[in-house]
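K.L.:
sequence unknown, structure follows:
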């Protein structure tokens with residue numbers, strides 16, 4: 001397996017801090033990234049030019065634009081369903097506008113894929129809430145399609161079966177999945193190895209991250225370095241090989257500083273060793 005290994009890069013308002021993100025990727029020996037922001041004001045021409053300049057300089061591919069949205073964001077089991085993504089109708093219209101803006105920004109960045117968290121997709125399809133969300137997503141997906149952009153669901157806040165059902169209901173051919181195996185663990189929604197049997201054909205990007213299963217039904221457990229959580233990475237890489245996945249693996253470590261660098265390097269080494277088992 002020769003999948004590119006990369007990392008998640010955030011867009012910062014501070015120019016030097018932003019440029020240093022690309023320098024750090026280069027120093028870590030990574031050649032792929034997802035570019036991410038939850039602030040539409042940072043989707044500027046200047047920031048796009050910086051990304052393209054330093055990706056060219058350091059031979060880094062932008063595999064996807066991770067487009068967030070503003071408004072309340074409670075990353076837990078209690079208020080999360082009421083505040084995250086496009087599911088809450090209170091924030092839906094403005095977030096839909098921001099995601100459409102993000103699709104244009106993905107074009108500017110030269111990538112074909114845009115990712116977001118849609119939110120806690122309802123498990124029961126025979127409801128007005130689910131049908132309304134599907135209608136909203138059809139609007140967004142058709143908008144993306146007209147720009148030549150694939151829309152990728154970030155996994156975790158719904159079961160794999162619910163995500164597959166939603167993709168099939170939308171029905172456009174520009175849909176995909178950014179599989180974050182750690183999120184499936186963090187939200188208690190499924191086993192990422194088995195999830196590939198459900199929706200593997202839609203996976204276009206993957207996050208390399210690890211989490212512990214939740215033991216508090218109100219809050220997540222801890223994010224941990226790759227290999228120290230409940231994602232079975234040897235079995236996960238085996239399954240990726242079985243389904244013929246050729247896309248990138250983007251390391252995401254939700255801390256900062258030297259510890260983050262150390263953990264990214266450790267994750268890179270672990271992933272390379274696991275994939276090397278399939279080298280000819």
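P.N.:
Everything's here; your move. As the structure is a prediction and not an experimental result, all values here were calculated from the model.
K.L.:
how about the helices in the stretch 1-150 of the chain?
P.N.:
Here the stretch 1-150 of the chain has its helices, by DSSP state H, counting those that start in this stretch, at 15-27, 45-58, 80-83, 89-109, 128-146.
K.L.:
Quick one: list the elements packing against the third one.
P.N.:
Contacts defined by 3 or more CB pairs under 8 Å, 6 or more residues apart in numbering; DSSP states H and E place helix 80-83 against no helix or strand at all. (C-beta placed from N, C-alpha, C; glycine too.)
K.L.:
Show me which positions of it end up buried.
P.N.:
Residues 80, 81, 83 are the ones in helix 80-83 that count as buried (16 or more other CB atoms under 10 Å).
K.L.:
In JSON lines: these, plus distance to residue 217 and pLDDT.
P.N.:
As requested, those are exported to JSON lines (distance: CB to CB, whole Å; pLDDT from 0 to 100):
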{"residue": "80", "distance to residue 217": "12", "pLDDT": "97"}
{"residue": "81", "distance to residue 217": "13", "pLDDT": "97"}
{"residue": "83", "distance to residue 217": "18", "pLDDT": "98"}
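K.L.:
Which one of those is nearest to residue 18?
P.N.:
Each of the buried residues of helix 80-83 was scored against residue 18 by CB to CB, and residue 83 proved nearest at 27.4 Å.
K.L.:
List the contacts of that closest one.
P.N.:
71, 72, 73, 74, 91 (CB atoms under 8 Å, 6 or more residues apart in numbering).
K.L.:
again, but for residue 254
P.N.:
Listed by CB under 8 Å, 6+ apart, the contact partners of residue 254 are 209, 223.
K.L.:
Assign a three-state SS to it, would you?
P.N.:
Following DSSP: H, G, I helix; E, B strand; the rest coil, we place residue 254 in the coil state.
K.L.:
so how far is residue 217 from it?
P.N.:
According to CB to CB, to the nearest Å, residue 254 stands 21 Å off from residue 217.
K.L.:
among the helices of the stretch 1-150 of the chain, which is nearest residue 119?
P.N.:
Proximity to residue 119 (CB to CB) singles out helix 80-83 among the helices of the stretch 1-150 of the chain, at 7.2 Å.
K.L.:
How far does the closest one sit from its chain's centre?
P.N.:
18 Å (CA atoms, centre = their mean, to the nearest Å).
K.L.:
that older thread, of the buried residues of helix 80-83, closest to residue 223?
P.N.:
The nearest one, if we look at the buried residues of helix 80-83 relative to residue 223 and count by CB to CB, is residue 80, at 15.7 Å.
K.L.:
Quick one: end-to-end length of stretch 202-216, please.
P.N.:
End-to-end distance for stretch 202-216: 31 Å, by CA to CA, to the nearest Å.
K.L.:
list the buried ones in that stretch?
P.N.:
202, 203, 204, 205, 206, 207, 208, 209, 210, 211, 212, 214.
K.L.:
Could you do stretch 217-224 as well?
P.N.:
In stretch 217-224, residues buried by neighbour count (16+ other CB under 10 Å) are 220, 221, 223, 224.
K.L.:
Pick out the most distant pair among the residues you listed.
P.N.:
Pairwise over the buried residues of stretch 217-224, using CB to CB, the maximum falls at 220 and 224, 11.6 Å.
K.L.:
Which neighbours do these two have in common?
P.N.:
Shared contacts of residue 220 and residue 224, defined by CB under 8 Å, 6+ apart, comprise residue 211.
K.L.:
Tell me the gap between stretch 249-259 and the middle of its chain.
P.N.:
Using CA atoms, centre = their mean, the offset of stretch 249-259 from its chain centre is 14 Å.
K.L.:
average pLDDT across that stretch?
P.N.:
Across stretch 249-259, the average pLDDT comes to 95.
K.L.:
Quickly name whichever of the buried residues of stretch 202-216 is closest to residue 264.
P.N.:
Distances from residue 264 to the buried residues of stretch 202-216, taken by CB to CB, are shortest for residue 208, at 8.9 Å.
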